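Trainee: Here you go, sequence then predicted model.
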Amino acid sequence: MSGRHDAVPLPPAWPERAAWGTAPSLRAWQTAALESYRERSPRDFLAVATPGAGKTTFALTVAAELLGRRLVDRITIVAPTEHLKLQWAEAAARAGIPIDPAYAAGKGRTSQDYVGIAVTYAGVAVNPLALRIRTERFKTLVILDEVHHAGDALSWGEGVREAFEPATRRLALTGTPFRSDVNPIPFVTYAPGADGVPRSVADFTYGYGHALADHVVRPVLFLAYSGEMQWRTRAGDEIAARLGEPLTKDLTAQALRTALDPAGSWIPSVLAAADRRLSEVRRHVPDAGGLVIASDQDSARAYATLLKQVSGESPTLVLSDEKAASSRIQAFTEGEDRWMVAVRMVSEGVDVPRLAVGVYATTTATPLFFAQAVGRFVRARGRGETASVFLPSVPGLLGHAAEMEVERDHVLGRAVQDEGDIFAAEQDLLARAEAGEGASDELTGSYEALGSEARFDHVLYDGAAFGHAGEVHVGSDEEMDFLGIPGLLEPDQVRALLHSRQSERARRQRRDAADEDAVQEITTHEQLAVLRRELNGLVAAWHHRTGQAHGITHAALRKECGGPAAAVASADQLNARIDQLRAWAARRTS
C-alpha cells in the first residue's frame, strides 16, 4: 500500500514551501482561525462561522498551506449536495487547487490532473470502503462542509467515520451551530456542559454578531405578516384563526399552511410586498436579487407564476438537485434577474452574493434550517447593504429571527422538542413532497384551505419590534413606510430610521384617534385586542434581547405603571406599559 502511495507523484502546481504564510486578502477572522490552526497543527479542527463569513476561503487556505508543506498529498471535500460539490470545485480552481466534482467512489480513480475530489455525504454512505482505501493510499486532508449533516442519519455518520478515520487531517466546517441530536458527529469533540449533557466543542467560532460588527455580513430586516385564515378540518369543521395569535401547535401549523396556499390571498400579497421591497433595494443596488423558499414543487411552480404576474419577469425556478438546476443557479448568480424560486436546495451553502430579499414560504421551522436559509441573504459585498426577509407571523419563526446572535451547541442525548420545531415531525413528509410533484396526501389531507388575507404586522430588527401597533393593510402608506427603507444604509442609520417611522406612525394613530368618527369605527374590544397584541409583541422582543421571562417583564411593568394584569387592563394602562417598555428599549440601545 505504501509503495503505491509513493509511486503517485504530487502535481507540479505545489512546490515545496518553507514556511506558512497568510494571504493578504484574508479577513481578520480567517487570519485568526488560520493562526489558531497553525499553532495547534491538529488532526481534527472544527470551525463554526456564520453563513456568508467565508468558510470556503478559510478551508482552501488551510488546504494550500498543507499541500505546500507536503503535510498532505490529496484533498477530499464532503458537501451536502451535488450543487455544492460543483461550487467547491469552482472555488478551489480559483485558488489553484484542481478538484474533481464528478468523482464516483465505484471507479476508484481520477485524473492525475486533480489534487482532490468532492463527494456528498450520501455518496460517502453508499460506498465508504472505497473512500477509505483512497484515504489510506494518500496523505489526505478531508474537508467536511456543513458537518452537522454527518449526524442527519446513522448511516451517514457511520459512513463518514469508516471512510475518513485514516485521514491525516480533518477540517470540519459549519455555518450554523449544531442542532440537538442523539447521533454524535464523527471527529467532533464533546465535553460535559453545566447540566451534565455532552456538548460539542468548536476550535474556532465566528458568530453573526461578530461578523455584523466587522461588516462581513449584512444586518437583516425581518418583515412579519399576519392575517385571517380559514380552513376546513378532516372532520368537516370550518376554523377561522388569525396568524400570529396564540394558537396550539396544530392550529398554528394549519394556519401557516393556509397562509402559504397559492390559491389564497396571503402569499400573493406577501410576494407583491417583497417585490416592492426588491424594487426599492435595486434603486441603490441594481443587481440585487430575491429568493422564495417553498415547501414543495407544486407550490414553487405556483409562486413562480404569481411572481411573473407581479414583477413582469419569469423567475428562475429551481426544483431539484439536478445538473439543470445547478446551471440555473449559476446563471442567476451571474445575471441580474429579479427572482429565484426554490424548494430547499438553495437554503444551505449555496453562494449567491447578490441575494438581498427573501420570502420564507416553507413550513420547515427548525432553528438550523431557518439560520441556513437566512444565511443566503447576509453575505456582505459592500458597506450599507441590508437584507430583507419576509416571514409569516408565527411565534417559532419570530423567535428564531430574534435570536440570530445566539450560539447553539450540538447537544447529545436528547431530541429536538422546543417550540421552534413545531413542524419537525412533518419533515419526512416534506422531503417526499419535495421530490415529487406536490405535497403528499399525508401532509395535506388533514385540512383544506378555504381562504386567507395578509396584513403587515411589524418589522423585527436588532432584536426590537417596529410598527407593532396593530396590523395594517398590504399596499397601504403605513406598510410602505417600512418597505421603502433605502437599500443602502449603515446599521445605525437603519435603526434611527425605524425609530423615526415608528414615532411618526404613533403620531398618526393619535391624530386619527382624536377624530371622533375614527374612534366610533373601532369598538372597545378591538382597541384592547390591538393594544394587548402590541404589548405582548414588545414583551417577546424584550425577552429575546435580554433573556428576561415574559411574566417577569409584565410584572415589572405593572409595578412601574400600576393596574391589573394585561388581560383586564384598560386602554390607558396598556398604553402606559407600551410607552414604558419602549423607553426601556431605547435606553438599552443607546
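Mentor: Thanks, I have it. These numbers come from a predicted model, not from an experiment.
Trainee: Okay, domains of this structure per the record?
Mentor: 2-213, 220-467+478-493, 522-589 (automatic domain parsing).
Trainee: got the CA coordinates for the longest strand along the chain in PDB?
Mentor: In the chain, with assignment by DSSP state E, the single longest strand is strand 220-233. Taking Å, rounded to 0.1, in the frame of the first residue of the first chain, the C-alpha atoms of strand 220-233 are listed here in PDB:
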ATOM      1  CA  VAL A 220     -31.400  41.700   8.400                       C
ATOM      2  CA  LEU A 221     -34.800  43.300   8.400                       C
ATOM      3  CA  PHE A 222     -37.400  40.700   9.200                       C
ATOM      4  CA  LEU A 223     -40.800  41.800   7.900                       C
ATOM      5  CA  ALA A 224     -43.600  39.800   9.600                       C
ATOM      6  CA  TYR A 225     -47.100  39.400   8.000                       C
ATOM      7  CA  SER A 226     -50.200  38.100   9.900                       C
ATOM      8  CA  GLY A 227     -53.800  38.000   8.800                       C
ATOM      9  CA  GLU A 228     -57.100  36.000   8.900                       C
ATOM     10  CA  MET A 229     -57.000  32.300   7.800                       C
ATOM     11  CA  GLN A 230     -59.900  30.000   7.200                       C
ATOM     12  CA  TRP A 231     -59.700  26.200   6.600                       C
ATOM     13  CA  ARG A 232     -61.700  23.000   7.000                       C
ATOM     14  CA  THR A 233     -60.500  20.100   9.100                       C
END
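Trainee: That strand pairs with which strands?
Mentor: In its sheet, strand 220-233 lies beside strand 238-243 (antiparallel), strand 387-392 (parallel), strand 447-452 (antiparallel), strand 455-461 (antiparallel), with partners assigned from DSSP bridges.
Trainee: Return the distance of stretch 459-466 from the chain's centre.
Mentor: 17 Å (C-alpha atoms, centre = their mean, to the nearest Å).
Trainee: List the buried residues for it?
Mentor: Of all the residues in stretch 459-466, those buried under the rule 16 or more other C-beta atoms under 10 Å are 459-466. Just so you know, the C-beta spots here come from the backbone N, C-alpha and C atoms, and that holds for glycine as well.
Trainee: so which of those comes closest to E82?
Mentor: Closest approach between the buried residues of stretch 459-466 and E82, by C-beta to C-beta: L460, at 34.6 Å.
Trainee: What's the local residue count around the closest residue in space to the closest one that isn't next to it in sequence?
Mentor: Leaving aside its chain neighbours, L460 sits nearest to F222 (4.1 Å; criterion: C-beta to C-beta, 6 or more residues apart in numbering). F222: 23 surrounding residues under other C-beta atoms under 10 Å.
Trainee: sorry, back to before: of all the domains of the chain, which one is nearest R501?
Mentor: Proximity of the domains of the chain to R501 was assessed by C-beta to C-beta; the nearest stretch is domain 220-467+478-493, lying at 4.6 Å.
Trainee: Run the chain-centre distance for the closest one.
Mentor: 10 Å.
Trainee: List the contacts of the helix or strand encompassing V530.
Mentor: If you go by DSSP states H and E, V530 is part of helix 524-546. With contact meaning C-beta atoms under 8 Å, 6 or more residues apart in numbering, helix 524-546 is reached by 244-245, 395, 398-399, 402-403, 458, 460, 463-465, 468-470, 548-550, 553-554, 566-567, 571, 574-575, 577-578, 581-582, 584-585, 588.
Trainee: can you do 6 Å?
Mentor: 402-403, 463-465, 468-470, 550, 553, 566, 571, 574, 577-578, 581 (C-beta atoms under 6 Å, 6 or more residues apart in numbering).
Trainee: Next: stretch 493-502.
Mentor: 386, 461, 466, 481.
Trainee: ok, now stretch 333-350?
Mentor: Residues contacting stretch 333-350 (C-beta under 6 Å, 6+ apart): 81, 84, 146, 287, 290-294, 300, 303-304, 307, 311, 313, 315-318, 321, 332, 352, 372-373, 434.
Trainee: out of those, which are inside helices?
Mentor: 84, 300, 303-304, 307, 311, 332, 372-373, 434 (DSSP state H).
Trainee: and those as a markdown table, adding distance to S452?
Mentor: Shown next, in a markdown table, are those (distance: C-beta to C-beta, whole Å):
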| residue | distance to S452 |
| --- | --- |
| L84 | 35 |
| A300 | 18 |
| Y303 | 14 |
| A304 | 19 |
| L307 | 18 |
| S311 | 21 |
| F332 | 29 |
| Q372 | 27 |
| A373 | 22 |
| E434 | 23 |
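Trainee: The residues you listed: which two are farthest apart?
Mentor: L84 and S311 (28.3 Å).
Trainee: mind listing the helices for the stretch 51-200 of the chain?
Mentor: 55-68, 82-94, 121-126, 128-137, 154-164 (DSSP state H, counting those that start in this stretch).
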